[in-house]
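In: Sequence first, predicted coordinates after that:
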Amino acid sequence: MSMTEQQATQRVAELHQTLNRYNYQYYVLDEPTVPDAEYDRLMRELVELETAFPLLKMPDSPSQRVGGEALKAFSQVTHQIPMLSLDNVFGYDEWLAFVKRVQDRLKSDREIAFCAEPKLDGLAVSLRYEDGLLVQAATRGDGTTGENITENVKTIKSVPLRLNGDNIPAVIEVRGEVFMPKASFEQLNAQAIQKGEKTFANPRNAAAGSLRQLDSKITAKRSLAFYAYGLGYVEVQGQEADEWLSNSHFGRLEQLKTLGFPMCPEVKLLEKSADVEAFYQDILAKRDALSYEIDGTVFKVDSIELQQQLGFVARAPRWATAYKFPAQEEITILEDVEFQVGRTGAITPVARLKPVFVGGVTVSNATLHNRDEIERLGVKIKDTVIIRRAGDVIPQIVSVVLEKRPEEAKDVEFPSECPVCQSAVQRLEGEAVLRCTGGLFCGAQRKEAIKHFASRKAIDIDGLGDKLVEQLVDENLIKTPADLFSLTELQVSTMERMGQKSALKLVNAIETAKETSLAKFIYALGIREVGETTAANLAQHFLTFDALRLANAEQLQQVPDVGEVVARNIVQFFAQPHNIEVVDKLVGIMSWPDIEVKAENEQPLIGLTYVLTGTLSQLNRNEAKALLQSLGAKVSGSVSAKTDYLVAGEKAGSKLSKAQELGVKVLTEDDLVELLKQHGAV
Ligand SMILES: NC(=O)c1ccc[n+]([C@@H]2O[C@H](COP(=O)([O-])OP(=O)(O)OC[C@H]3O[C@@H](n4cnc5c(N)ncnc54)[C@H](O)[C@@H]3O)[C@@H](O)[C@H]2O)c1
Ligand SMILES: [Zn+2]
């Protein structure tokens, strides 16, 4: 696209304004609003315009400057030798062009050795040691003036406060990166989410935000680390600094190591520029496994003499370049939010994105987890969002670019019906997930429902394994558990690895499984949180299946082991017409013996009221409660004059003292277990 000078002038002004704003957010506030890739694109556009229209290249252009301003709240440090940024290349061709520029400038085509280093994603600091003692630490700031963060840096354990050995220079400024290891970053953000505080966009911003604290006690609580990668001003008593120092960059890093500085273990000296690509690929492959975040590699001409010949441009040395990894964060548009039903009925929102190339692939979907996550992000449909795809992790939406929110943006609406089977959707209090209640019928849950139905503890169909269920569903031979009973030998024998003999065996096993018990049948329905014990209690309490399905929540809660949540799950299950269809079919096919009513003498604790308190170690509280109830006891939540026994576990508190006050008999957990044994309950 060619532009007139006038158009270019206008675009350059726009770019200045936008880039300056992004710089401020990134460097001063530690709170970027757009991904680096977007920033880098705009910067490249600016550089290209400045190359095409040299008159538009102003000395204060963002392309000519390093970083951001120093915060006024800190005292300022003037760097004796400026702290520069790095130019960067993306891809091998750009790398070759860099090597060629270096060789042209040196007017030589001989082989150049490079020091190869990971590009650590933190922030640059300069540490000044006088007579071996750390006297000052500063941020890069705008390259000339940084912030005095000495007290904060002193809290970083890997930064030496005093140098090692006897051969110590009078003054040495060591430059390197302060960063936050990935694990600490995740922990910090997890804590922030829990406390409802704002999270950091990435480990770089977390490191910068933690280091640029006015209160060093806060910095001390954050796990920061440091790797050295260069030098600033050096002064040696009675000797030229350059003579004392190695004439190789790598050699200087080794010197820093002996002085006590930590150095990134991946750093290597490469004799030939042809080895660079292999190093880059190697580090890229290791990236996810490293305990710290990196966003590329850095290659520095190793010879100090050549470095000096090459010199600097406005914001970066000519003798080094970053060779960056493909971006893991990109900007795109959230076109829509759709809802997916998982195999256990959990309904999760999925972001449909305008396709975007990120982390090495084109991404058009991202997970949104649940309603809480959507609320936390504050995301609306049609918003511009930052998405992140790191390694093999599913792409995530990191944040919303609020300044790009269009007028037509609209809230994400949650379905009240399952998008697959139209059953009602349930959301439990305290649970962020929505669930489909059509468990027996829902297409999304079909396989799991049938597997559960046929499993050992449920109907127990011998020879019907998970794989076979999946095949039968995939072949459309069965849709619900009820369909199992109309499978023919012929149909089964067409399945993979199914001989006629095993097909016959299976059909027979299904026939046999028709006879079951009420408890197993209830359990087999797969109602959420109705496990074996609860199913058995329900059967014992209601005696018939009809009585159970007509019970309301209050009646259900009379059953040992059934609380509010389970009662609601049961009611909702039987409220779904689709579930009922399947259940009716099953009731028509299956049979079970009548349940013998437990005689009163089997309920020896009838009329007695128990209260449980403290921590029980042999049984959990619910089990103990259910067992006592099965013997006819009432189990109450609070101690009163009507209480007959208090069972006090470890660390029993106020209930125990109240019981003692009221003269209620107190049992230990051992007493309880003894009692249950006596009556055959355990
Ligand atoms: N998202 C935004 O809004 C926004 C705004 C401003 C800048 N940025 C990002 O920051 C970049 C520019 O920042 P920058 O000027 O700090 O440059 P940079 O991060 O691209 O490169 C220079 C920095 O790399 C670091 N570094 C890591 N390992 C190193 C090593 N082994 N040797 C030497 N240096 C090493 C140092 O901190 C050094 O200052 C942009 O490319 C952009 O990606 C983003
Ligand atoms: Zn459904």
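Out: Structure's in. What do you need? Ligands and ions are numbered 1, 2, ... in the order given.
In: Show me what from this protein comes close to ligand 1.
Out: 22-23, 25-26, 32, 34-36, 39-40, 66-67, 85-86, 88, 117, 119-120, 123-124, 140, 177, 229, 298, 322 (C-beta under 6 Å from any ligand atom). For the C-beta atoms, the positions are set from N, CA and C on the backbone; glycine is no exception.
In: now, which of these lie within strands?
Out: When the residues of the chain next to ligand 1 are checked against strands (DSSP state E), the matches are N88, E117, K119, L120, L123, A124, E177, Y229, V298, A322.
In: Could you find the closest non-adjacent residue to the first one?
Out: On the basis of C-beta to C-beta, 6 or more residues apart in numbering, the spatially nearest residue to N88 that is not a chain neighbour turns out to be A322, at 4.1 Å.
In: So the one you found is in contact with Y280, correct?
Out: No: at 10.7 Å, A322 does not count as touching Y280 under the criterion of C-beta atoms under 8 Å.
In: which residues are common contacts for the two?
Out: Shared contacts of A322 and Y280 (C-beta atoms under 8 Å, 6 or more residues apart in numbering): T297.
In: In the lowest-mean-pLDDT helix or strand in the chain, which residues are buried?
Out: Lowest on mean pLDDT, DSSP states H and E among the helices and strands of the chain sits helix 621-630, with a mean of 82. Neighbour-count burial for helix 621-630, with 16 or more other C-beta atoms under 10 Å as criterion, is recorded at E623, A624, K625, A626, L627, L628, Q629, S630.
In: Contact partners for the fourth one?
Out: The neighbourhood of A626, defined by C-beta under 8 Å, 6+ apart, consists of T533, N537, P560, D561.
In: and what of the second one?
Out: For A624, the residues meeting the contact criterion (C-beta under 8 Å, 6+ apart) are L612, L616, V647, L672.
In: who does the lengthiest helix in the chain touch, helix- and strand-wise?
Out: The longest helix of the chain (DSSP state H) is helix 5-23. Packing partners of helix 5-23 (3 or more C-beta pairs under 8 Å, 6 or more residues apart in numbering; DSSP states H and E): helix 36-52.
In: okay, the angle between the helix it packs on and helix 5-23?
Out: Angle, helix 36-52 to helix 5-23, by axes from the mean of the first three to the mean of the last three C-alpha atoms, to 10 degrees: 150 degrees.
In: I'd like the distance from whatever helix or strand comes next after helix 36-52 to the chain centre, please.
Out: Sequence-wise, the next helix or strand downstream of helix 36-52 (DSSP states H and E) is strand 76-78. Averaging C-alpha positions (C-alpha atoms, centre = their mean, to the nearest Å) puts strand 76-78 39 Å from its chain's average.
In: before we move on, what about stretch 606-623?
Out: The answer for stretch 606-623 is 38 Å, by C-alpha atoms, centre = their mean.
In: Count residues in the vicinity of R389, would you?
Out: Close neighbours of R389, defined as other C-beta atoms under 10 Å, add up to 22.
In: Mind pulling up the pLDDT for the spatially closest residue to it that is not a sequence neighbour?
Out: The spatially closest residue to R389, leaving aside those adjacent along the chain, is G359, at 3.4 Å (C-beta to C-beta, 6+ apart). Per-residue pLDDT puts G359 at 86.
In: quick thing: my sequence starts at 59, can you match it?
Out: Will do, 59 is the new start, and the previous item becomes G417.
In: can I assume G417 is in contact with D346?
Out: No: judged on C-beta under 8 Å, G417 makes no contact with D346 at a distance of 10.7 Å.
In: Endpoints of stretch 273-290, how far apart?
Out: 27 Å (C-alpha to C-alpha, to the nearest Å).
In: Which positions within that stretch qualify as buried?
Out: By neighbour count on 16+ other C-beta under 10 Å, the buried set for stretch 273-290 is 274, 277-278, 280-290.
In: Tell me who's in contact with H137.
Out: Residues in contact with H137 (C-beta under 8 Å, 6+ apart) are S184, A196, G199, G201, T202, T203, G204, G290.
In: Just the ones in strands from those residues, please.
Out: Counting by DSSP E, the contacts of H137 contribute S184, A196, T203, G204, G290 to strands.
In: can you put the buried residues of helix 679-688 in TSV and add distance to ligand 2?
Out: Formatted as TSV, the buried residues of helix 679-688 follow (distance: C-beta to the ion, whole Å):
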residue	distance to ligand 2
E681	32
A682	36
K683	33
A684	31
L685	36
L686	38
Q687	34
S688	35
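In: Now do the helices for the stretch 559-708 of the chain: every range, in order, please.
Out: Secondary structure of the stretch 559-708 of the chain by DSSP state H, counting those that start in this stretch: the helices cover 576-582, 590-600, 603-608, 611-614, 622-633, 635-647, 679-688.
In: one step back: I'd like the buried residues of helix 679-688 laid out as CSV, including distance to I445.
Out: Shown next, in CSV, are those (distance: C-beta to C-beta, whole Å):
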residue, distance to I445
E681, 46
A682, 49
K683, 48
A684, 48
L685, 52
L686, 54
Q687, 52
S688, 53
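In: ok, so of those, who is nearest W650?
Out: S688 (19.9 Å; C-beta to C-beta).
In: Now W302. Nearest residue, chain neighbours left out?
Out: V294 is the one closest to W302 (C-beta to C-beta, 6+ apart), at 4.3 Å.
In: Return the set of residues that bridge with the one you found.
Out: Applying DSSP bridges to V294 gives these bridge partners: Q297.
In: just checking, it touches P227?
Out: Yes: at 4.5 Å, V294 counts as touching P227 under the criterion of C-beta under 8 Å.
In: Among these two, which residue is more densely surrounded?
Out: When neighbours are counted by other C-beta under 10 Å, P227 comes out ahead of the other of V294 and P227, with 21 against 17.
In: you'd agree the more buried one is up against A299?
Out: Yes: taking contacts as C-beta under 8 Å, P227 lies within contact range of A299: 7.1 Å.
In: Now for those two: what residues contact both?
Out: V292, E293.
In: just to revisit the earlier point, and for V294 and P227, which residues touch both?
Out: With C-beta under 8 Å, 6+ apart, V294 and P227 have common neighbours W302.
In: Let me know the pLDDT of the closest residue to T592 other than its chain neighbours.
Out: Nearest non-adjacent residue to T592, counting by C-beta to C-beta, 6+ apart: D619, 5.0 Å away. pLDDT, D619: 82.
In: ok, how many other residues are close to the residue in the stretch 609-740 of the chain positioned nearest to ligand 1?
Out: Among the residues of the stretch 609-740 of the chain, V623 lies closest to ligand 1, at 44.8 Å counting by C-beta to the nearest ligand atom. When neighbours are defined as other C-beta under 10 Å, V623 has 14 of them.
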